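**Q** got a structure for you, letters missing:
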DNA sequence: CACCCAATCGGACCGTGGTCCGGTTAGTAG
DNA sequence: CTACTAACCGGACCACGGTCCGATTGGGTG
């Protein structure tokens, strides 16, 4: 069922020269440090390159764009998160009814946003969000749960629509701009899922 | 009920010198023309300024940012749209049950996106979307309809969540990136509203 | 060890969105 | 008509993300 799940993670490409690997590590370390010290939005790519002791060309060759670098910094956490909802314990992982898993999934996304909204904001800039492999994994996961719960819906469209509520931009607006509590957002998500997705105990057609 | 609706539209600020007004018009005309001729994303602010016969400083003083200029170009259409759902005919305007109005509202948003996705993409860049007065009007409208249909929900959070499905970025991704038909998106929206918002004929608590 | 070439490096370079400030002008008061 | 000032004008200027290409070097081969 949920096989074929060897994730398109962002990895060191096939074979990498020793100096290239060393530079990737240096860059990631420098980025993590500067982002942590001064806030993601206050660090330029030039500064990261300099702090890493590396040319700007190298930085962009390795990571392609600012958004992509931010995503790379987050990739460890993302991998753990994916592990959690693919092979972890219920209700996030397999075993619980799909409605509950969906609720847990959204709550976990909100927790991630709460911790890393700045980085996610950078990572999603432009249309980068939808291009990123992680988004496809999330979408597939939600689609499967939706299909499991209710075969009648257009799970493809519904999955993207539901996920759009977890954009970093919206989160920052609601949380910082409007000052809403995290718990309130979670309750909103629970309520939305309860209304949208039939629970296991509901009518079986 | 839905009084206090004198919209915070983007207007010529209070009093404007004659040359300032002339320049605003020139800029808008030039922007509309260039956007139409070459595509929004292929026109720089420098080019607009030059085509309008105006300095760059003037352009930015008038419109503040690229996003804001794009929004101004769309403001006429937006005003007509607002007219439609505030004072127009049912089912978009007042008179129809809230569930139907909500469906019509979303379909109209999707039509606007279909026609102007490029401009909207530019207008929403950054967090500009939530800052724009038009967004607040849309949110208020959805909140009122939600409250009318079902007092028990957290209409504030739900309104923002539902509206997030109409971001230009998501639309472009679904429509161009994934090639989904417009009608399919509309059907997805209808289905979502049907599930989320109780119809008039449903249980009145 | 010497050779070689593909991969990598780094910093000069570009176009962009956005800011700044000295000079200019519209509109008013006398 | 003149004088005055607040608002406006324009283009030089800045920092940033991203590209390019000549110089360099890793590391396999004979």
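**A** Arrived safely, thanks for sending. The model shown is predicted, which means the values in this text are computed figures rather than measured ones.
**Q** any idea of the pLDDT on residue A:200?
**A** pLDDT for residue A:200: 74.
**Q** again but with residue A:150, I slipped
**A** Reported pLDDT for residue A:150: 87.
**Q** Hmm, residue A:199 and it touching each other?
**A** No - with contacts counted by C-beta atoms under 8 Å, residue A:150 stays clear of residue A:199, the gap being 10.1 Å. Any C-beta I mention is one placed from the backbone N, CA and C, and that applies to glycine too.
**Q** Those two - which one has more neighbours?
**A** residue A:150 (18 against 12; other C-beta atoms under 10 Å in any protein chain shown).
**Q** Kindly list the main-chain dihedrals of that one?
**A** The phi and psi values for residue A:150, taken as degrees, to the nearest 10, are phi -170, psi 100.
**Q** so residue A:23, which of the three states?
**A** Classification of residue A:23 by DSSP: H, G, I helix; E, B strand; the rest coil places it in helix.
**Q** residue contacts, residue A:52?
**A** Applying C-beta atoms under 8 Å, 6 or more residues apart in numbering or on different chains to residue A:52 gives the contacts A:23, A:26-27, A:29-31, A:59.
**Q** separation between it and chain B?
**A** Counting by C-beta to the nearest C-beta, to the nearest Å, the separation of residue A:52 from chain B is 27 Å.
**Q** Okay, and residue A:111 sits in which element?
**A** If you go by DSSP states H and E, residue A:111 is part of helix A:98-123.
**Q** Mind listing what's buried along that helix?
**A** A:98-107, A:109-110, A:112-113, A:116-123 (16 or more other C-beta atoms under 10 Å in any protein chain shown).
**Q** How far does whichever helix or strand comes after it sit from its chain's centre?
**A** Using DSSP H and E, the helix or strand that follows helix A:98-123 towards the C-terminus is helix A:128-131. Distance of helix A:128-131 from its chain centroid, counting by C-alpha atoms, centre = their mean, to the nearest Å, is 10 Å.
**Q** returning to that earlier point: list the ones among the contacts of residue A:52 that fall in helices.
**A** Among those, the ones falling in helices (DSSP state H) are A:23, A:26-27, A:29-31, A:59.
**Q** Name the nearest residue to residue A:63, sequence neighbours excluded.
**A** Nearest residue to residue A:63 in three dimensions, chain neighbours excluded: residue A:69, at 4.1 Å (C-beta to C-beta, 6 or more residues apart in numbering or on different chains).
**Q** To what extent is the one you found buried, counted in neighbours?
**A** 23.
**Q** For it, give me the pLDDT.
**A** Looking at residue A:69, its pLDDT reads 97.
**Q** Just want the angle from the helix or strand where it lies to helix A:98-123.
**A** Assessed by DSSP H and E, residue A:69 sits inside helix A:66-87. Counting by axes from the mean of the first three to the mean of the last three C-alpha atoms, to 10 degrees, helix A:66-87 lies at 160 degrees to helix A:98-123.
**Q** before we move on, the earlier item: looking at the contacts of residue A:52, which one is closest to DNA strand D?
**A** Distance to DNA strand D, by C-beta to the nearest atom of the strand, is smallest for residue A:59 among these, at 7.5 Å.
**Q** returning to that earlier point: counting contacts, what elements does the helix holding residue A:111 pack onto?
**A** Applying 3 or more C-beta pairs under 8 Å, 6 or more residues apart in numbering or on different chains; DSSP states H and E, one finds that helix A:98-123 contacts helix A:66-87, helix A:133-149, helix A:168-172, helix A:182-196.
**Q** wait, does that helix make contact with DNA strand D?
**A** No - in terms of C-beta under 7 Å from any atom of the strand, no part of helix A:98-123 sits within range of DNA strand D; the closest distance is 8.5 Å.
**Q** got the residues of chain A near chain B?
**A** A:127, A:129-130, A:153-154, A:156-158, A:160-161, A:164-165, A:167, A:169-170, A:172-174, A:177, A:180, A:184-185, A:187-189, A:191-192, A:195-196 (C-beta under 8 Å from any C-beta of the partner chain).
**Q** one step back: out of the ones in helices among the contacts of residue A:52, grab the one that's most surrounded.
**A** residue A:31 (26 neighbours).
**Q** Now that one. Nearest residue, chain neighbours left out?
**A** Per C-beta to C-beta, 6+ apart, closest to residue A:31 is residue A:48, 5.1 Å.
**Q** Out of the helices and strands packed on helix A:98-123, flag the one nearest residue B:36.
**A** helix A:168-172 (28.0 Å; C-beta to C-beta).
**Q** which other residues reach that closest one?
**A** By C-beta under 8 Å, 6+ apart, helix A:168-172 touches A:110, A:113, A:117, A:120-121, A:123-124, A:164, A:185, B:127, B:129-130, B:160-161, B:164.
**Q** which one in these is the model shakiest on?
**A** Lowest pLDDT among those: residue B:127, 90.
**Q** Assess the claim that it and residue A:173 are in contact.
**A** Yes - at 6.3 Å, residue B:127 counts as touching residue A:173 under the criterion of C-beta under 8 Å.
**Q** Of the contacts of helix A:168-172, just say which sits nearest to DNA strand D.
**A** Distances from DNA strand D to these, taken by C-beta to the nearest atom of the strand, are shortest for residue A:123, at 11.5 Å.
**Q** For the closest one, list the residues it contacts.
**A** Taking C-beta under 8 Å, 6+ apart, one finds A:67-68, A:70-71, A:74, A:129, A:132, A:168 in contact with residue A:123.
**Q** how about a cut-off of 6 Å?
**A** A:67, A:70-71 (C-beta atoms under 6 Å, 6 or more residues apart in numbering or on different chains).
**Q** So which of those reach DNA strand D?
**A** residue A:67.
**Q** could the contacts of residue A:123 go into a markdown table alongside neighbour count?
**A** Output for the contacts of residue A:123, formatted as a markdown table (neighbours: other C-beta atoms under 10 Å in any protein chain shown):
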| residue | neighbour count |
| --- | --- |
| A:67 | 20 |
| A:70 | 24 |
| A:71 | 25 |
